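Colleague: Could you work out the structure for the sequence below:
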Amino acid sequence: MITARLLAYRILLHLDQKPSQPDRLIRTLMDRHSGLEARDRALLTELVYGTLRWQARLDWHIAHLSRVPAKKIRPGIRIILRMGLYQLLFLERVPAHAAIDEAVKIAKSLHPAHLAGFVNGVLREAARRGSQWDWPSAEADPVLYLSISTSHPAWFVSRLLRDLDFDESRRICEANNCVAPLTIRVNGLKIDPGRAMDWLLTQGAHVEPSPHLEDALRIRGMRLDLSRLPAYLDGWVQVQDEASQLIGRLVSPGAGERVLDLCAGFGGKTTHMAALMGGSGDIVAVDSSAWKLEELKKNGARQGITGISTVSGDLMNLSPAEIGQFDRVLLDAPCTGFGTLRRNPDIKWRRHPKDPYRFSQLQKQYIEKAAGLVREGGVLVYATCSPFREENEEVAEHFTADHPGWTREAAGDFLPESCKAMTQGGYFRSRPDLHDMDGFFGARWRRG
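Modeller: Now for the predicted structure:
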């Protein structure tokens, strides 16, 4: 019989072997096993995200329980141990015997018998220890302490401590481990926020208005799948973090304008800009993944948006002669993505210490290309969901220095008054620990 734990194991093993999006894997398996009860669906999601979120700490526990280092343990067994330890150490509602027995069952069904015995021994020792662990010293080795206690790569913690004090670094790491609220943008082309909020309240969810955006709502405790509800299917709402919505506000497209969205992905910002334009004007969405653009088209149709055309390909191959120039160009650049760790904890384990620099080199090429697609007097906005200076301020400052004919405009002039605290040096910056939203960066220029 298929269980939530077995499905979680399959997803985690897939992620261990090939970078993928956890939410899409979860949704695919849930669709395939539609008979799963609501509590099993919740457990499946909890096990996948919890195990990913706390991976470094779980491996540290394994190292203290096994003579074999975690990295040398067979991947499938290592994942079973991580899942079992996550339940034992983090989930109070899961009885220890159930967590251990289910882990052993999975091991027996997929691996040699002696490895099932190994799993049983390690997990039983963990249950016996309870909370008694010899933790690293925060005073003697703050990098190791924060890396293990908050489950972040040591190189990331080291970077934080280089620029911030211990307490602020810890708060950032702790915020990254919190479950982010489900944030939605109300589609003003179809419904007003008050009516959308009233409807969602009838579904038993806890809904509160965003403290920053009048058309955004934060939802907690919703057990139903929003994507299957009429409010979503009829295009009333779009799942989109407030930081992402603020990037659309930073672009501030006007009715009737011609707008270019580079690296558009699934079109969250694309459709938001279309809504800000009142449904009039033209938007061209570019992405290298054709399948994402197909999803973008469906997303736009669901929200009742017309005037979006798509171009599949590398933006470095675009030319003004081919697609013309635009009133507004948004470059939501590929980046390390560390600003979205609450929603994508797997990113922590897929990045390398040199990745911020590597991405910055690509971003400098992309922003140069994007600039050539802005008409005279038009606006360019550069955005990332990264906290690293190399990908943010340094790219922006490099562009400004190389383009004297462009004027950098203060981000705060285009954002709601409540977001002024999210600007510094003319740039937009949000942080999970300070604003309960994803960590984004945004810069804006006008072409002279």
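
Colleague: List the residues that contact the residue nearest to residue 370 when sequence neighbours are not counted.
Modeller: Leaving aside its sequence neighbours, residue 370 sits nearest to residue 331 (C-beta to C-beta, 6 or more residues apart in numbering; 4.3 Å). (Each C-beta comes from the backbone N, C-alpha and C, glycine too.) Neighbouring residues of residue 331 by C-beta atoms under 8 Å, 6 or more residues apart in numbering: 262, 263, 366, 367, 370, 380, 381, 382, 383.

Colleague: Quick check, pLDDT for the second one.
Modeller: Right, the one you point to is residue 263. Model confidence at residue 263, given as pLDDT, is 96.

Colleague: related to what we said a few turns ago, which SS class is the residue nearest to residue 370?
Modeller: strand (DSSP: H, G, I helix; E, B strand; the rest coil).

Colleague: Quick check: bridge partners of it?
Modeller: Using DSSP bridges, the beta-bridge partners of residue 331 come out as residue 262, residue 382.

Colleague: From residue 396, how far off is it?
Modeller: Distance, residue 331 to residue 396, by C-beta to C-beta, to the nearest Å: 11 Å.

Colleague: Residues that sit against both of those two, list them.
Modeller: residue 382.

Colleague: Count the neighbours of residue 114 for me.
Modeller: By other C-beta atoms under 10 Å, the residues close to residue 114 number 8.

Colleague: what's the answer for residue 151, then?
Modeller: 22.

Colleague: same deal with residue 321?
Modeller: Neighbour tally, residue 321, other C-beta under 10 Å: 6.

Colleague: which residues touch it?
Modeller: Residue 321 touches nothing, counting by C-beta under 8 Å, 6+ apart.

Colleague: Against residue 373, how distant is residue 321?
Modeller: In terms of C-beta to C-beta, residue 321 sits 11 Å off from residue 373.

Colleague: neighbours of residue 3, just the number please.
Modeller: Neighbours of residue 3 (other C-beta under 10 Å): 16.

Colleague: Am I right that it is in contact with residue 101?
Modeller: No. The criterion here is C-beta atoms under 8 Å, and residue 3 misses it with residue 101 at 11.4 Å.

Colleague: can you pull the buried residues of stretch 343-351?
Modeller: By 16 or more other C-beta atoms under 10 Å, the buried positions in stretch 343-351 come out as 343, 344, 345, 346, 347, 348, 349, 351.

Colleague: Find the nearest non-adjacent residue to the last one, please.
Modeller: Put plainly, it is residue 351. residue 336 (5.4 Å).

Colleague: Was I right to think the one you found contacts residue 391?
Modeller: Yes. Contact criterion C-beta under 8 Å: residue 336 and residue 391 qualify, at 6.6 Å.

Colleague: Which parts of the stretch 251-400 of the chain are strands?
Modeller: For the stretch 251-400 of the chain, strands defined by DSSP state E, counting those that start in this stretch occupy the ranges 258-262, 282-287, 308-312, 326-332, 374-384.

Colleague: what's the answer for the stretch 101-250 of the chain, then?
Modeller: Under DSSP E, counting those that start in this stretch, the stretch 101-250 of the chain gives strands at 182-186, 206-209, 216-220, 237-239.

Colleague: Could you single out the most deeply buried of the ones you listed?
Modeller: Highest mean neighbour count among those (mean count of other C-beta atoms under 10 Å): strand 182-186, with a mean of 24.

Colleague: Find the residue ranges of the stretch 151-300 of the chain scoring beneath the pLDDT cut-off.
Modeller: For the stretch 151-300 of the chain, no stretch has pLDDT under 70.

Colleague: What is the burial count for the residue nearest to residue 307 when sequence neighbours are not counted?
Modeller: Spatial nearest neighbour of residue 307, chain neighbours left out: residue 282 (5.3 Å); criterion: C-beta to C-beta, 6+ apart. By the measure other C-beta under 10 Å, the count of residues near residue 282 is 18.

Colleague: hang on, isn't residue 282 packed against residue 310?
Modeller: No. Look at residue 282 against residue 310 with C-beta under 8 Å: they stay out of range, at 12.0 Å.

Colleague: Below-threshold pLDDT in the stretch 1-150 of the chain: ranges please.
Modeller: Those would be 1, if you go by pLDDT under 70 across the stretch 1-150 of the chain.

Colleague: Repeat the analysis, applying 90 as the threshold.
Modeller: 1-2, 19-20, 31, 34-35, 38, 67-72, 131 (pLDDT under 90).

Colleague: residue ranges of the helices in it, please?
Modeller: 4-17, 22-32, 38-53, 55-65, 75-90, 96-110, 113-129, 142-149 (DSSP state H, counting those that start in this stretch).

Colleague: can the ones you listed go into CSV with extra columns for distance to residue 195?
Modeller: Output for those, formatted as CSV (distance: least, C-beta to C-beta, whole Å):
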stretch, distance to residue 195
helix 4-17, 36
helix 22-32, 28
helix 38-53, 27
helix 55-65, 42
helix 75-90, 39
helix 96-110, 44
helix 113-129, 50
helix 142-149, 45
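
Colleague: Can you tell me which of those helices is packed in deepest?
Modeller: helix 75-90 (a mean of 23).

Colleague: Pull that helix out as CSV, backbone CA atoms only.
Modeller: Provided in CSV are the C-alpha atoms of helix 75-90 (Å, rounded to 0.1, in the frame of the first residue of the first chain):
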residue,chain,number,x,y,z
PRO,A,75,21.6,7.7,-0.7
GLY,A,76,18.3,5.8,-0.2
ILE,A,77,19.2,4.8,3.3
ARG,A,78,20.4,8.3,4.1
ILE,A,79,17.1,9.7,3.1
ILE,A,80,15.2,7.1,5.2
LEU,A,81,17.3,8.1,8.2
ARG,A,82,16.7,11.8,7.6
MET,A,83,13.0,11.3,7.3
GLY,A,84,12.9,9.1,10.5
LEU,A,85,15.0,11.6,12.5
TYR,A,86,12.9,14.5,11.3
GLN,A,87,9.8,12.8,12.7
LEU,A,88,11.5,11.8,16.0
LEU,A,89,13.1,15.2,16.6
PHE,A,90,10.7,17.7,15.1
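
Colleague: which helices and strands sit right next to it?
Modeller: helix 4-17, helix 38-53, helix 55-65, helix 96-110, helix 113-129 (3 or more C-beta pairs under 8 Å, 6 or more residues apart in numbering; DSSP states H and E).

Colleague: contact partners of the longest one?
Modeller: Judged by C-beta under 8 Å, 6+ apart, the contacts made with helix 113-129 from elsewhere in the structure are 61-62, 65-66, 74, 77, 80-81, 84-85, 88-89, 96, 99-100, 103-104, 107-108.

Colleague: before we move on, the earlier item: could you identify the buried members of the contacts of residue 331?
Modeller: Buried among the contacts of residue 331 by 16+ other C-beta under 10 Å: 262, 263, 366, 367, 370, 380, 381, 382, 383.
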